[in-house]
Every structure is written in C-alpha cells, then in structure tokens.
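Enquirer: sequence first, predicted model second:
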Amino acid sequence: HSSFFPKTENIEVLRRKGTMASARLLTKRPVALILNAARIDYDNQINLNRLKQLCHVVHENKVDIVCGSEDIINTVHRMAPDLDILITKEMEVPKEVIPKLPTSLKLICEAGTGYNNLPIQSCRDASIDVCNIPLYSTEGVAHMVITFMLNFSCSFVGQQRMLFNNDRSNFTGPFTLPLRELKDKSIGLVGGSGNIGTCVANIALALGMNVIISSRSGKLPSGHMHEHNPRVQVKSLDDLLKDSDFVSIHCPLNDETRGSIGREKLQLMKPSAFLINTARGAIINEKELIECMEQNLIAGCGLDVQEVEPPQMDSKIWDLSNIVLTPHIGWRSIETRQRVMDMVSDNIEAYFVDESPTNIVN
Amino acid sequence: MASRASTKPITLILNAARINYDNKINLSRLSKLCSVYEHNVDYMSDANEIVHAVNNFCGEGKKPEIVITKEMEITKSVFQQFPSSVKLICEAGTGYNNLPVKDARERGVSVCNIPLYSTDGVAHMVITYMLNFSCSFVPQQQMLWAGDRSNFTGPFTLPLRELRGKTIGLIGGSGNIGTCVTNVSLALGLNVAISSRSGKLPAGHPHEGNPNVRVLPLDDLLRESDFVSVHCPLNDETRGIIDGEKIRLMKPTAFLINTARGAIINEKELIECMKENVIAGAGLDVQEVEPPASDSEIWKTPNVVLTPHIGWRSIETRQRVMDMVADNIEAFIEGKPTNVVN
C-alpha cells in the first residue's frame, strides 16, 4: 500500500494550502463504498465527515440491503469500480462474489461485530482483509437483555396488550398476570464470558440476581472481573438451562452454534423460565422454538434477532403472545450508530494511514 | 393487650384481597399469633361499609384488637366509629398517608407500617420504565398489535437512545428505594441527581462522595434530568407538587416516572402537558385515584404508560409484607412495638 504513504513535499503543499490539519495524511486517499448505507443511516442523522476526510470518495448506496450475488457485484461495479474499501453491515455476501469484485478492493469493513455473513476464507484467498468492530454496542445490546428480563418479570407486555385491547381488568380487579421479583433469581448467559455478557452480569448483580455462565472452556477467562464472585458461576450448558430463570444467548453464530438451541435444549429449561436472544437469530432453531412456545414449554421468549430479519410475513412467530419481538435494535440507538461509523473510520485510518491494521478477522 | 399466654388477639385484615387476591399468601405465621379474620375485599370507599366491617365482621361479640389494612383511606370520622377494642392498626405497606395517625395517637391506638419490604420491587419498576422509554418499547409493541410491522420491514422510526451518560433525577430519592434505583442506574452508566429537603445526602449514604451522584435543588433536577422519578412520600407539602409549572421545566426529550403516590403529580396538568408534548413520556405505576375513573383521559393520553400499582405486588413481596406485619404484631404483643409511626 506504499502509494498511500504521505509524501513529505506534498504535505508541505497541503499545509500551506491550509486544507489539512494533520501531518499524517494520505497523498492518495482510498475510495470507499458503503454497500448498504441505509442500514445504519436510515434517518440521515449520522455524521460521516471523518470518513469523508479519510477517504477520497465515499459512495453511499442508500439501501438497507443488497440481495444476492448478482446485485452485489453489479452495484459495486456500477457505483465504485475502483473501490479500495467495501463497508457493509449484516449483509450476506456469498463467497462467489469475491473473485468478481474489482481487484482494487483491499479491505472489507463490517460495520458491526458479527461477521458470519462474510466469506472470510474466500477473502483471505483473494488477499482481501476483513475487519470488524468488536466493541461498539456492548451496552446497547446488554441493556436490551435487561429490558426483556424486567418486562418478563412483571408481565409488562401482557399488561400493555390488555390495555391496548381496552381490557382494564388488571386495574379494576385483581392482577391476573405473573409478577415475580428478580432478587435471587438466576440469569444464565450462554457463552456469556465476553464483553456483552459481562455487562449483563454487572447489571444483573446490581438487580440482586445470581449469574450463571456457560463457557466452552468450562471456566471464566483469567482476569475476568467476576472470577471470584460467589454469585457468578460457570456451568455446563445443560446445567445452565436447568438452573436459570432467564436464559440469554451471547455466543457468535458459527457452524457449532447454528440451531443449537432447539426443543432438546428448551425442554431442559424451567417451565417458568424465559429465553432471550440478542445475539444471532439462527442460533435458535426457530421452527422448534415456535412449536415449543405453542405448547407453553417455557414461560416466554424475547427475540431482538430472528433467523431471517424480518421474519416471513406468514410466520407464526409474529402471533404468539408468549414471544416478544423487536427488530434487531440492540445496536440501533443514534449514539451507537454514530459510534460504529466512527470506529469504521478508526479501522480505515489504522489500515491505510498508520499501516497498522486493527480488528482483522481473517 | 392480651399476652401470648392467653387468648390470641382478634385481628381483622380489613381488605385482605388487596394482598391475597390469588390465595397464594401463607398466613400461618399470623395465625399462630392472632385469631385472624380475612375480609376479602380489595378496597372499600363507603364509610358505612368500613365501619360495619370493623365492628361486625369478626362475628357476634368479637371486636378486633388489631386491624390490618393496605392503602385504604380511613378518615377521622370513620376512625371515630372504630370499637374501643382496637389497639393497633397495621399498615401492610410503607405509605401511611391514608391513615388518621394523629387521631389514633389521641385515642391511644398505635399505628405501625412496614418501611422496607418492596424496595427492590418498586426500584425495579422505575428501571423497567426507564429502559422501555429509552428504546420506545411500548410504542413498538403497540404498532405490532395494530398489525404494523413497518419497523421490521423498513427503517426504525421510533426514538432509540443510549442510557450511558444520561441523567436520572430522583425527587426525594436519598432513601431506600432511591438508593436502590441509584445503584442500578450507575450500573447502567447513568449519572444520578437527587433532590433532598436538606440539600445533601444523609451522612453515611452509600454514594456520599460519588461524583456521578449529585444533590440538586428540585428545579435544577427537573431541568437537567433525562428521566425524572418521584420518590417522596405523599403529604401536605408534596401533594400536587409536580404540576404544569414543574413539568415545563423538564427537557422536551425527558420522561417522568412515578412509583410513589399518584397525588404527588397534578394529574390534570400532566395530561395537558402530555397533549402538548411538553415532555416525551410519563410512566405511572400510581395514579391520583386507583384505578383512574373509567372516563379519565389518562387512559388514552399520548405517551403515558400505566401499570396498576404493581411495584409491590410480586408474590414474594406480598408474602414478605405479611410476614413483616406478623413481626410487627409479635413485637407489639410482647410490649416492644416496632415501626410505630405515631
């Protein structure tokens, strides 16, 4: 990438022209395409100035998603045939796309944490680096878990639905929905020893709960802040499922975890327990989940992510009163969306200006 | 007062269904101490009905020595018609604004309450409202119930704001419930502002010296907070204190939460403010009258979310309050009364 190194004489010219403030700048700035810009900036409130200073041109394809190999390839060639950087979010990029993209492409930036949607091996084979943003929405996602949990504990959604249907009987008569304290209850975090899981654990502890974590290693990573906390235990997945009042998913989606939570695992849970998923929809076998919820196997389920987003319009998932859906909003507050674009800029600056790439996942 | 060696005191739970509406509460501890009579109503507003129940419900020739009640208004004139047998009134809860405590003292009747039983439950209700407001949870679900899936199929059109760095203001929040809300709010990354009549935190308060927890005068708290939560008792000073004038000091993006007593807020003026979008929303677990009149505008006021005073109603909390009433009664019988408020 030597063509991107700042050349001393050019910097003096630029300084005299007063167009640049920083000494560490590019003589030839990269070209970037945000393939599905509307996924992040759907309300035109996100400030992309930093990105536009780092990159020569930033093309913004103002759609939420581009579907299918052909459309992806055509869009890239049409909008940015000379692109260096492809920025995308939660978009499935099939591996056959990679060899058909412009050879100028050097870096794919996932504007998020999960990169299961990108064919990272094919990118490696084509000498394309892929980077992600491991930490940007930690609290937003963790708070979504806590929101679902608090709502389940006081049947909040059920209550509001009754009022929506002009049923005020909970006000005029006895309260007929379940109401349970959180104190001393257990929240089980499946794969929850990472950043988001730890954030959830901290809040759950402040709410007087106990925390159970399942981890492939069987223990918390050394140095984990709750390594010695008696209210935080590591258990096997099955024991976590048996012992928890709330189960929250915190693992990445990969071949091991895909569909790993189905009837067999749900049957281990307490009938009074709730399942929460803010990670990736496909970790849960949705078909079996729907059947289990129809049979009231567990008390309820809160899903900020679904197998397909949005779910098919005729899916039963929309209509079951014990399934609460939100449209993948854990990361979508305006502050979080701004942060993710700022951190994409950080990755790009590290890669092209500092020549010290960060957050490369392949 | 009858000692435990002799007959157990006749004890009337005046509105037992308020606590034990699902027959899941275990009263055996109380029954060991007292001869318990459960009047299975939730609430009585008719003075004659209350007087009749206190005098006659326990049966022919049986007048109660102890009356247990919860959140039921007992006026001075109703109290005057209580039998002279009554020596103790137990409020099965924290607030006792509903009881004629001075008149009771004049007649030699002790009134006791349960200061600490629902701390976490009420505090968690505040947090629940705050989290729901921050991600527009209720309007989202309302859209789905109306068959509108556009937030899923298209861009998300409701406000979504992080909590980190925001401020929650606790009016009168230096006590137990306010401190619990403070702890959870700090864990959520918020800053906390507390208004206190003394102008400072009580000595020994767990957050004395914490830079993220400040004491502010009420008006400044209202101006600076993103979430305002009411934590004072209801009395002559606080009745209607949160009126249109105070609400208009708040940020237009702020939310008001009340889990304390409905009448602390001037409900009529709140409704007007909400219609004018003066603030972004209000979450009320308590209302001026519970339940609100069926024709009250509060049911359908924009951006107002209601719950039927459930902060204290989990089964664990209801069991705890009856166990603690039994504690108070046991102490009273032994001549060492606890939690007497008059």
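Expert: Looks like it came in fine.

Enquirer: show me the shaky parts of chain B.
Expert: Applying pLDDT under 70 to chain B flags residues B:1-6.

Enquirer: just want the most central residue of it.
Expert: Most central in chain B under C-alpha atoms, centre = their mean is B:Ala260, positioned 4.3 Å from the mean C-alpha point.

Enquirer: tell me where the stretch 101-250 of chain B has helices.
Expert: B:101-106, B:119-134, B:137-145, B:150-153, B:176-187, B:218-224, B:244-247 (DSSP state H, counting those that start in this stretch).

Enquirer: verify the contact between the residue nearest to the centre of chain B and B:Pro233 for me.
Expert: Yes: with contact defined as C-beta atoms under 8 Å, B:Ala260 counts as touching B:Pro233 (7.3 Å). Where you see a C-beta, it was placed from the backbone N, CA and C, and this is true even at glycine.

Enquirer: need the overlap of contacts for the two.
Expert: Common contacts of B:Ala260 and B:Pro233 (C-beta atoms under 8 Å, 6 or more residues apart in numbering or on different chains): B:Gly172.

Enquirer: just to revisit the earlier point, B:Asn113: which of the helices of the stretch 101-250 of chain B is closest?
Expert: With distances scored as C-beta to C-beta, the stretch of the helices of the stretch 101-250 of chain B nearest to B:Asn113 is helix B:101-106 (9.7 Å).

Enquirer: distance to chain A added to the helices of the stretch 101-250 of chain B, as JSON lines?
Expert: Formatted as JSON lines, the helices of the stretch 101-250 of chain B follow (distance: least, C-beta to the nearest C-beta, whole Å):
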{"stretch": "helix B:101-106", "distance to chain A": "28"}
{"stretch": "helix B:119-134", "distance to chain A": "4"}
{"stretch": "helix B:137-145", "distance to chain A": "5"}
{"stretch": "helix B:150-153", "distance to chain A": "4"}
{"stretch": "helix B:176-187", "distance to chain A": "4"}
{"stretch": "helix B:218-224", "distance to chain A": "18"}
{"stretch": "helix B:244-247", "distance to chain A": "23"}
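
Enquirer: need the winner for burial among these.
Expert: Neighbour counts (mean count of other C-beta atoms under 10 Å in any protein chain shown) averaged over each of the helices of the stretch 101-250 of chain B peak at helix B:119-134, with a mean of 26.

Enquirer: gap between whatever residue of the stretch 1-150 of chain B ends up closest to chain A and A:Phe171?
Expert: Relative to chain A, the nearest point of the stretch 1-150 of chain B is B:Tyr21 (3.6 Å; C-beta to the nearest C-beta). Going from B:Tyr21 to A:Phe171 by C-beta to C-beta, to the nearest Å gives 13 Å.

Enquirer: kindly report the same for A:Asp255.
Expert: Distance from A:Asp255 to A:Phe171, by C-beta to C-beta: 50 Å.

Enquirer: is it true that the residue of the stretch 1-150 of chain B closest to chain A touches B:Tyr43?
Expert: No: B:Tyr21 is beyond contact range of B:Tyr43, at 11.2 Å (criterion: C-beta under 8 Å).

Enquirer: send the alpha carbons of stretch A:173-183 over as PDB?
Expert: Extracted as PDB, the C-alpha positions of stretch A:173-183 are listed here (Å, rounded to 0.1, in the frame of the first residue of the first chain):
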ATOM      1  CA  GLY A 173     -59.900  -6.100  39.700                       C
ATOM      2  CA  PRO A 174     -57.200  -8.400  40.900                       C
ATOM      3  CA  PHE A 175     -53.900  -8.600  38.900                       C
ATOM      4  CA  THR A 176     -54.000 -11.800  37.000                       C
ATOM      5  CA  LEU A 177     -50.600 -11.900  35.300                       C
ATOM      6  CA  PRO A 178     -47.500 -13.400  36.800                       C
ATOM      7  CA  LEU A 179     -45.300 -11.000  38.900                       C
ATOM      8  CA  ARG A 180     -42.000 -12.200  40.200                       C
ATOM      9  CA  GLU A 181     -39.100 -10.500  41.900                       C
ATOM     10  CA  LEU A 182     -35.700 -10.700  40.300                       C
ATOM     11  CA  LYS A 183     -33.800 -10.800  43.600                       C
END
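
Enquirer: in TSV: the helices of the stretch 101-250 of chain B, plus distance to A:Ile290.
Expert: Listed next are the helices of the stretch 101-250 of chain B as TSV, based on distance: least, C-beta to C-beta, whole Å:
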stretch	distance to A:Ile290
helix B:101-106	56
helix B:119-134	25
helix B:137-145	16
helix B:150-153	17
helix B:176-187	33
helix B:218-224	46
helix B:244-247	44
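
Enquirer: indicate which one of those is closest to A:Leu303.
Expert: The closest of the helices of the stretch 101-250 of chain B to A:Leu303 is helix B:150-153. By C-beta to C-beta, the value is 11.4 Å.

Enquirer: any idea how far apart the tips of stretch B:90-98 sit?
Expert: In terms of C-alpha to C-alpha, to the nearest Å, the two terminal residues of stretch B:90-98 are separated by 12 Å.

Enquirer: ok, and what's touching it?
Expert: Contacts of stretch B:90-98 (C-beta under 8 Å, 6+ apart): B:19, B:66-74, B:99, B:111-118, B:233-235, B:261, B:312, B:321-322, B:325, B:328-329, B:341.

Enquirer: list buried residues within these.
Expert: Buried members of these, scored by 16 or more other C-beta atoms under 10 Å in any protein chain shown, are B:19, B:66-72, B:74, B:99, B:111-114, B:117-118, B:234, B:261, B:312, B:321-322, B:325, B:328-329, B:341.

Enquirer: strands of the stretch 201-342 of chain B, start to end?
Expert: Secondary structure of the stretch 201-342 of chain B (DSSP state E, counting those that start in this stretch): strands located at B:213-215, B:227-230, B:255-258, B:281-284, B:304-306.

Enquirer: which elements pack onto the third one?
Expert: Translated: strand B:255-258. helix B:119-134, strand B:227-230, strand B:281-284 (3 or more C-beta pairs under 8 Å, 6 or more residues apart in numbering or on different chains; DSSP states H and E).

Enquirer: recalculate using a threshold of 10 Å.
Expert: helix B:119-134, strand B:167-171, strand B:227-230, helix B:267-275, strand B:281-284, strand B:304-306 (3 or more C-beta pairs under 10 Å, 6 or more residues apart in numbering or on different chains; DSSP states H and E).

Enquirer: what sits against the nearest residue in space to B:Lys24 that is not next to it in sequence?
Expert: Spatial nearest neighbour of B:Lys24, chain neighbours left out: B:Ile315 (5.8 Å); criterion: C-beta to C-beta, 6 or more residues apart in numbering or on different chains. Taking C-beta atoms under 10 Å, 6 or more residues apart in numbering or on different chains, we find B:Ile315 in contact with A:178-181, B:22, B:24-25.
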